[in-house]
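> Sequence and predicted structure below; questions after.
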Amino acid sequence: MTTRNKIPVPLAPELMEKSWSARESWRVFGIMSEFVEATERLSAIRPAVSIFGSARIPPEHPWYQLTERIARQLSDAGFSVISGGGPGVMEAANKGAFFGRSLSVGLNIQLPHEQRANPYQDLSQTFSHFFARKVMFVKYASAYVVLPGGFGTMDELMEALTLVQTHKTRRIPIILVNAGFWSGLLDWIRTTLVAEKMIAAEDADLIQVIDDPDQIVQAIFAHYETRGFEPSAAEREALLNL
């Protein structure tokens, strides 16, 4: 008895379209489950500070060590610290918080390369979709602390600025660390975006640049001195519609 390779019969276009639609529908359920699970697990971590920065910075780098000090001081001051859960600055943020008083939270993402979960996480949540993860960074953060990084770091920074500028979320401190690294971007914002009226002059004031860990903690407390960390009813409603 002989065997032969059989040529697969392609699906008719209408069947292929139905198959694709079914996959898309199931994907929506997967996205919903990510939001539900993350919301349930993260709802008790306030107040929290989200820290961003490069995944490519080794532990011996000064920026790694600075991040660790910042995170430790935030943790000891009562803030849970949220990072992307990976290596580099993310690891330094989690490590500093892990050995502090408050929770170290990692919002990990499944990537084909570069991302691996660091071991310094009291609470770890893994996402398949960037946009679900980004919502959680904003939703539970009382402040953003942004260290040097690449496209991902810039993406998170601009997302936060856009949401605050358009009042889709409450005003929170957005603090850049390492004045030298950010100086070119800040100059461009003032000399191009503001000058060409792409943004209002006051929008540039949404950003602070602070390099000292003590001053970062003080700036966050100063922002909330007259109002407390809990979102108001109107702010909660806005966060539901991110």
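That came through, no problem.
> quick one: contacts for the residue nearest the centre of the chain?
What sits nearest the mean C-alpha location of the chain, by C-alpha atoms, centre = their mean, is residue 137, with 4.1 Å. Residue 137 makes contacts with 50, 82, 107, 156, as judged by C-beta atoms under 8 Å, 6 or more residues apart in numbering. Bear in mind the C-beta positions are built from the backbone N, C-alpha and C, glycine included.
> Recalculate using a threshold of 10 Å.
48, 50, 51, 52, 82, 83, 84, 107, 144, 156, 159, 160 (C-beta atoms under 10 Å, 6 or more residues apart in numbering).
> Contact partners for the third one?
Read it as residue 51. 67, 70-71, 74, 81-84, 89-90, 92-94, 96-97, 137, 141, 143-147, 175, 177.
> ok, and the closest non-adjacent residue to it?
Distances taken as C-beta to C-beta, 6 or more residues apart in numbering put residue 93 closest to residue 51, at 3.9 Å, once the chain neighbours are dropped.
> For that neighbour, give its distance to residue 177.
As judged by C-beta to C-beta, to the nearest Å, residue 93 and residue 177 stand 11 Å apart.
> joint contacts of these two?
51, 52, 53, 67, 70, 145, 147.
> So the fifth one sits against residue 219, correct?
No - counting by C-beta atoms under 10 Å, residue 70 does not reach residue 219; the two are 11.6 Å apart.
> Compare neighbour counts for the two and give me the winner.
residue 70 (29 against 16; other C-beta atoms under 10 Å).
> re the thing from before, for residue 70 and residue 219, list the residues in contact with both.
What both residue 70 and residue 219 touch, as defined by C-beta under 10 Å, 6+ apart, is the set 145, 175, 210, 212.
> Mind giving me the packing neighbours of the lengthiest helix in the chain?
Counting by DSSP state H, the longest helix found in the chain is helix 13-42. Where contact means 3 or more C-beta pairs under 10 Å, 6 or more residues apart in numbering; DSSP states H and E, helix 13-42 is packed against strand 104-109, strand 123-127, helix 130-139.
> average pLDDT for it?
Helix 13-42 shows an average pLDDT of 76 in the prediction.
> Show me which residues of the lowest-mean-pLDDT helix or strand in the chain are buried.
For the chain, counting by mean pLDDT, DSSP states H and E, helix 13-42 ranks last in confidence among helices and strands (a mean of 76). By neighbour count on 16 or more other C-beta atoms under 10 Å, the buried set for helix 13-42 is 34, 35, 38, 42.
> continuing past it, what's the next helix or strand?
strand 48-52 (DSSP states H and E).
> and the helix or strand that that next one is followed by with strand 104-109, angle?
Heading C-terminal from strand 48-52, the first helix or strand you meet, by DSSP H and E, is helix 62-76. If you take axes from the mean of the first three to the mean of the last three C-alpha atoms, to 10 degrees, helix 62-76 sits at 120 degrees to strand 104-109.
> re earlier: narrow the contacts of residue 137 to those that are buried.
For those, buried by 16+ other C-beta under 10 Å: 48, 50, 51, 52, 82, 83, 84, 107, 144, 156, 159, 160.
> Need the phi and psi values for the fifth one.
With angles defined as degrees, to the nearest 10, residue 82 shows backbone torsions of phi -110, psi 130.
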